[in-house]
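*Asks:* output the structure for:
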Amino acid sequence: MVELVKFLALYEGLIYIVLAIGALFSFRWLYRSWSEWRIAVFSLEREFSARRLGRSALISVLLVIFFCFEFFITSFLVPGLPSDFFLATPTLDLISTPTGTLSAEFMTQVANLPAVPAAGSTGCIPGQISFTFPESGTEIKGIVELTGTVSIPNFGFYKYEIAPAGSDTWATIAAGREAVVEGPLGRWDTSALTPGDYQLRLVVVDNQGILLPPCVLQLQVVPNQ
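*Replies:* Next up is the predicted model:
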C-alpha cells in the first residue's frame, strides 16, 4: 500500500494524462455503442449492441472510479503525510509535529559531558536557514519558543537538534514539514537538561532527501528558577 501511494503521488501528472486519453476513447466508444443500440432493429443486432454498450459503460465507470481514487490520494491523503514518508532513508524517521521531547538516554549522556565555552553561530543563511530566536550566546531556560526561517527551493522538511557544546552527538528535538519565514519553528523544553553550554542546530532537507549545511547556535542553559 505504501509503494502504491508513493507511485500515485510521484506520477500524478502522467496518470491524469493517461486517464484523460483513456476517457476520451472510452466515452467515444460508449456514445457510439449507445447510438447503435438505439437504432438497432433486429433482436440479434440489439443484443450485440447491448453487449458493446455494457463493456464500454464498464470501462468508463472504472476510469471514473480510478480518477476519483487518484484525486483523493493526491489531494487529501498525501498532503497529510509526513515529508519523510517519501524519503527512502532510515535516518530521516522524524516526527512531523514539534513536541519538544528528548529521550532519557540522551539526558544522561548530556549530563556526563563537559561544557565548552560558547562561540558564534555558523552555517546560517538569512532568508533561507536561520534562527530569529534565540540568538547565539543567549542564556535560556524552561520552555523556549523557537522562531526563524526555513525556506529553500524544493523544500522538503526541517528538524532542529541539540548536542552538548563540543560534541558531535546530536539528538532530534522535533521536526516540521511546512516552510517558515520569520515565524515559529517549534518548542524546546530545556527544563530536563543539566545547566551548561549546548549547541542548537537547524537542519533543512530538500524534497530529494539532501541535507543542507545546518545553522548552528551556541547557547547556555541556565537553571529554571
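
*Asks:* which SSE is immediately downstream of the worst-scoring helix or strand of the chain on mean pLDDT?
*Replies:* Lowest on mean pLDDT, DSSP states H and E among the helices and strands of the chain sits helix 104-111, with a mean of 46. Downstream of helix 104-111, the next assigned helix or strand under DSSP states H and E is strand 129-133.

*Asks:* export that following strand as PDB, just CAs?
*Replies:* As requested, the backbone C-alpha atoms of strand 129-133 are provided in PDB (Å, rounded to 0.1, in the frame of the first residue of the first chain):
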ATOM      1  CA  ILE A 129      18.000  28.800   7.000                       C
ATOM      2  CA  SER A 130      18.300  30.900  10.200                       C
ATOM      3  CA  PHE A 131      17.100  31.400  13.800                       C
ATOM      4  CA  THR A 132      15.400  34.600  14.800                       C
ATOM      5  CA  PHE A 133      15.200  33.500  18.400                       C
END
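
*Asks:* buried set for that strand?
*Replies:* By 16 or more other Cβ atoms under 10 Å, the buried positions in strand 129-133 come out as 129-131. Using the backbone N, CA and C atoms, a C-beta is placed for each residue, glycine as well.

*Asks:* also stretch 186-201?
*Replies:* Buried residues in stretch 186-201, counting neighbours by 16+ other Cβ under 10 Å, are found at 186, 188, 190, 193, 196-201.

*Asks:* please apply the same query to stretch 32-47.
*Replies:* For stretch 32-47, burial by neighbour count (16+ other Cβ under 10 Å) applies to 33, 36-37, 46.

*Asks:* okay, now the unreliable bits of this structure?
*Replies:* Within the chain, the set of residues satisfying pLDDT under 70 comprises 1-2, 78-121, 225.

*Asks:* at 50 what do you get?
*Replies:* Scanning the chain for pLDDT under 50 picks out the ranges 83-84, 86-104, 106-119.

*Asks:* hey, which helix is longest across it?
*Replies:* Ranked by residue count and defined by DSSP state H, the top helix of the chain is helix 43-72.

*Asks:* and it, how far out from the chain middle?
*Replies:* On the basis of Cα atoms, centre = their mean, to the nearest Å, helix 43-72 is displaced by 38 Å from the centre of the chain it belongs to.

*Asks:* which helices and strands sit right next to that helix?
*Replies:* For helix 43-72, the elements it packs on are helix 12-39, judged by 3 or more Cβ pairs under 8 Å, 6 or more residues apart in numbering; DSSP states H and E.

*Asks:* rebuild the buried residues of stretch 32-47 as JSON lines, extending it with distance to Tyr158.
*Replies:* Below are the buried residues of stretch 32-47 laid out as JSON lines (distance: Cβ to Cβ, whole Å):
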{"residue": "Ser33", "distance to Tyr158": "55"}
{"residue": "Glu36", "distance to Tyr158": "60"}
{"residue": "Trp37", "distance to Tyr158": "60"}
{"residue": "Arg46", "distance to Tyr158": "65"}
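
*Asks:* break the chain down into its domains, please.
*Replies:* Structurally, the chain divides into domains by automatic domain parsing as follows: 2-81, 85-221.

*Asks:* that's a strand at Glu3, yeah?
*Replies:* No - Glu3 sits outside any strand when classified using DSSP: H, G, I helix; E, B strand; the rest coil, being helix.

*Asks:* oh, and call the first residue 44 from now on, that's how I've got it
*Replies:* That works, and once the first residue is 44, the last one we named lands at Glu46.

*Asks:* and it, how far from Ile183?
*Replies:* Taking Cβ to Cβ, to the nearest Å as the measure, Glu46 and Ile183 are separated by 43 Å.
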